[in-house]
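Novice: Sequence first, predicted coordinates after that:
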Amino acid sequence: MPSSEGGLLDASDLHRAYGRVRVLRGVDIHLTAGEALAVVGPNGAGKTTLLRVLAGLVRPGQGLIRVVGRTLQPGDPDARRPIGFLSHQSLLYDDLTVRENVMFTARLFGLRDPAAAARRVLDECELGSRSGERPRSLSRGLLQRAALARALVHDPQVLLLDEPFTALDAPGADRLRGLLQARLAAGAAIVIVTHQLGEAWDLATRVGVLAHGRWTLESPRQGSLAEFVPQWQAASGA
Amino acid sequence: MPDAIRLALVIAAKDIRAELRSRTALLSASVFAALVLVIFYFSRDPTAVPAIVLAPSVLWVTFAFAAIVALNRAFTVEREHGAMDGLLLAPVPRGALFLGKYIANLAFVGAVQVITVPLFIVFFNVDLGAALPGIVATMVLATIGFVAVGTVFSAMAVRTRFAELMLPVLLLPFMVWPVRWAVEITARLLDGRPLSEMLGWLRLLALYDVVFLTLCIMVFGAVVDE
């Protein structure tokens, strides 16, 4: 995959193994402002591991990650500042309200006015009226929106999203696409891991198929989803 | 205020707020402490051993076990819904993360001790009187050290399948010395001896605190980072 300097997210030659199982085998990513990479692939292809490696949660066995020009390494907490991460799990505390959870994240990121930042992002995710509730009382879809608010509160330049459309109804998915489109227009870069490529298709500027820990296809998005499906199936080994 | 201290206080405040809502650690550790005291009370023969002889050991065994119950909760809350990932993703130095969890744990264990002491007085009919300031100082010195070690082991144990079992197995060997020194001090204080006689043990407790607090801050990153 071509790589150049100056991207928001530059990852080169990422390898990762769990014991003897090699999950990532030389993955490269280069994303500049306004680019969104949709990552698809069969179960066990290494998609979630890739996202966790890019977020700095899992250390690559080999390879280098630069986020907004800064190398991601454990001794440099500020290198994680531009990253927003949406996981399979909500990353929220059950004993705090949604607003308190988002404000807590805002405080960790040292935002000047955590309350205002939380209010803004909760309104953006249309959770303002439910922000006084605890996560355990929310439906799965609302919980996903709360988790997204947590991930976006610090205006990250690099968004790493694992199955962001999960549990969202059609209007919710539309709203999320609009929200992410606005972030892209503002100069963010996004990696979306998904099984629902149709949901992310219009958003993506690039599409990558990960199989057995390496790209079997990675290219700019062209044409329609229907035209891409045969390539996707071939690249997945289907 | 230095950023690391600010972040530590943010994390500690979050833990304390969550605990005040759920009361899981405080309530379970306090009830556990009360039950330990009840068991000791009914299992001793008052005609064979006077309460005052057993009291220091009972007090510190109760503190140690109740602390383990409270510390078990420290990182269990971070495991639920992957919240620990949220902490690790934030631009927070690992030392600040440790300090935040540590301050909250000190508050929980301290609160459990404050609840336990009156129960101990009632069950063992001990007049703390003039010994109280010395015992409080000993509690503070001993707790600072073993809670630091407990915070690191709690972070380590929560990643294992049997976290609740692992924490006591890991922590109890490190509690032996501070608990032993604290028992020696408490026994003498209850015997009416002046605190100045116990300076040697107090110094050992302080040394334990400095050594283990420093070590814990240094190794915490390696424990929580993958």
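Specialist: Right, received. Where do you want to start?
Novice: Am I right that A:Ala204 is in a helix?
Specialist: No - using DSSP: H, G, I helix; E, B strand; the rest coil, the assignment for A:Ala204 is coil, not a helix.
Novice: ok, and the closest non-adjacent residue to it?
Specialist: In space, A:Ala204 comes closest to A:Ala38 once its chain neighbours are excluded; the distance is 3.7 Å by C-beta to C-beta, 6 or more residues apart in numbering or on different chains. C-beta coordinates here come from the backbone N, C-alpha and C atoms, glycine included.
Novice: So the one you found: helix, strand or coil?
Specialist: Assignment for A:Ala38 (three-state DSSP): strand.
Novice: residues contacting it?
Specialist: By C-beta atoms under 8 Å, 6 or more residues apart in numbering or on different chains, A:Ala38 lies in contact with A:192, A:194, A:197, A:200-201, A:203-204, A:206-208, A:221.
Novice: Kindly recompute the last result at 10 Å.
Specialist: Contacts for A:Ala38 (C-beta atoms under 10 Å, 6 or more residues apart in numbering or on different chains) come out as A:161, A:190-194, A:196-197, A:199-201, A:203-209, A:221.
Novice: A:Ala116 now?
Specialist: Counting by C-beta under 10 Å, 6+ apart, A:Ala116 has contacts A:103, A:106.
Novice: So which of the contacts of A:Ala38 are in strands?
Specialist: A:161, A:190-193, A:206-209 (DSSP state E).
Novice: Save those residues as TSV, and put in neighbour count and distance to chain B too.
Specialist: Formatted as TSV, those follow (neighbours: other C-beta atoms under 10 Å in any protein chain shown; distance: C-beta to the nearest C-beta, whole Å):
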residue	neighbour count	distance to chain B
A:Leu161	24	13
A:Ile190	27	16
A:Val191	27	14
A:Ile192	26	17
A:Val193	24	15
A:Arg206	18	24
A:Val207	25	26
A:Gly208	23	23
A:Val209	25	26
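Novice: Is it possible to get JSON lines of the residues you listed that adds pLDDT and distance to B:Leu37?
Specialist: Converted to JSON lines, these look like this (pLDDT from 0 to 100; distance: C-beta to C-beta, whole Å):
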{"residue": "A:Leu161", "pLDDT": "97", "distance to B:Leu37": "52"}
{"residue": "A:Ile190", "pLDDT": "97", "distance to B:Leu37": "57"}
{"residue": "A:Val191", "pLDDT": "98", "distance to B:Leu37": "55"}
{"residue": "A:Ile192", "pLDDT": "97", "distance to B:Leu37": "56"}
{"residue": "A:Val193", "pLDDT": "96", "distance to B:Leu37": "53"}
{"residue": "A:Arg206", "pLDDT": "95", "distance to B:Leu37": "65"}
{"residue": "A:Val207", "pLDDT": "95", "distance to B:Leu37": "65"}
{"residue": "A:Gly208", "pLDDT": "94", "distance to B:Leu37": "62"}
{"residue": "A:Val209", "pLDDT": "94", "distance to B:Leu37": "63"}
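Novice: measure A:Gly56 to A:Arg22 for me?
Specialist: 20 Å (C-beta to C-beta, to the nearest Å).
Novice: and those two? which has more neighbours close in?
Specialist: When neighbours are counted by other C-beta atoms under 10 Å in any protein chain shown, A:Gly56 comes out ahead of the other of A:Gly56 and A:Arg22, with 24 against 16.
Novice: mind checking pLDDT for B:Ser43?
Specialist: Here the pLDDT value assigned to B:Ser43 is 88.
Novice: And it, how close does it get to B:Thr116?
Specialist: 18 Å.
Novice: The two: which has the busier surroundings?
Specialist: Under the criterion of other C-beta under 10 Å, the comparison of B:Ser43 against B:Thr116 puts B:Thr116 first, with 22 against 7.
Novice: Can you classify the closest residue to the more buried one other than its chain neighbours by secondary structure?
Specialist: Nearest non-adjacent residue to B:Thr116, counting by C-beta to C-beta, 6+ apart: B:Ala33, 4.4 Å away. Counting by three-state DSSP, the backbone at B:Ala33 sits in helix.
Novice: dump the residue contacts of B:Ala33.
Specialist: B:59, B:62-63, B:65-67, B:69-70, B:112-113, B:115-117, B:119-120.
Novice: neighbours of A:Asp94, just the number please.
Specialist: By other C-beta under 10 Å, neighbour count at A:Asp94 equals 17.
Novice: for B:Gly129, that is, sorry about that
Specialist: Neighbours of B:Gly129 (other C-beta under 10 Å): 9.
Novice: Report the contact partners of it.
Specialist: B:189-190, B:192.
Novice: average pLDDT across the longest helix along chain A?
Specialist: Identified as the longest helix of chain A according to DSSP state H is helix A:170-185. The average pLDDT within helix A:170-185 is 94.
Novice: Packing partners of it?
Specialist: strand A:36-40, helix A:114-124, helix A:140-152, strand A:158-162, strand A:189-193, helix A:197-200 (3 or more C-beta pairs under 10 Å, 6 or more residues apart in numbering or on different chains; DSSP states H and E).
Novice: Just the CA trace of it, in CSV.
Specialist: Output in CSV follows, covering the C-alpha atoms of helix A:170-185 (Å, rounded to 0.1, in the frame of the first residue of the first chain):
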residue,chain,number,x,y,z
ALA,A,170,-32.2,3.5,10.5
PRO,A,171,-32.6,7.2,11.7
GLY,A,172,-29.9,6.6,14.3
ALA,A,173,-27.6,5.3,11.6
ASP,A,174,-28.4,8.2,9.4
ARG,A,175,-27.6,10.6,12.2
LEU,A,176,-24.3,8.9,12.9
ARG,A,177,-23.3,9.1,9.2
GLY,A,178,-24.1,12.8,9.2
LEU,A,179,-22.1,13.3,12.4
LEU,A,180,-19.1,11.4,11.0
GLN,A,181,-19.4,13.2,7.7
ALA,A,182,-19.2,16.5,9.5
ARG,A,183,-16.1,15.3,11.3
LEU,A,184,-14.5,14.3,8.0
ALA,A,185,-15.3,17.7,6.6
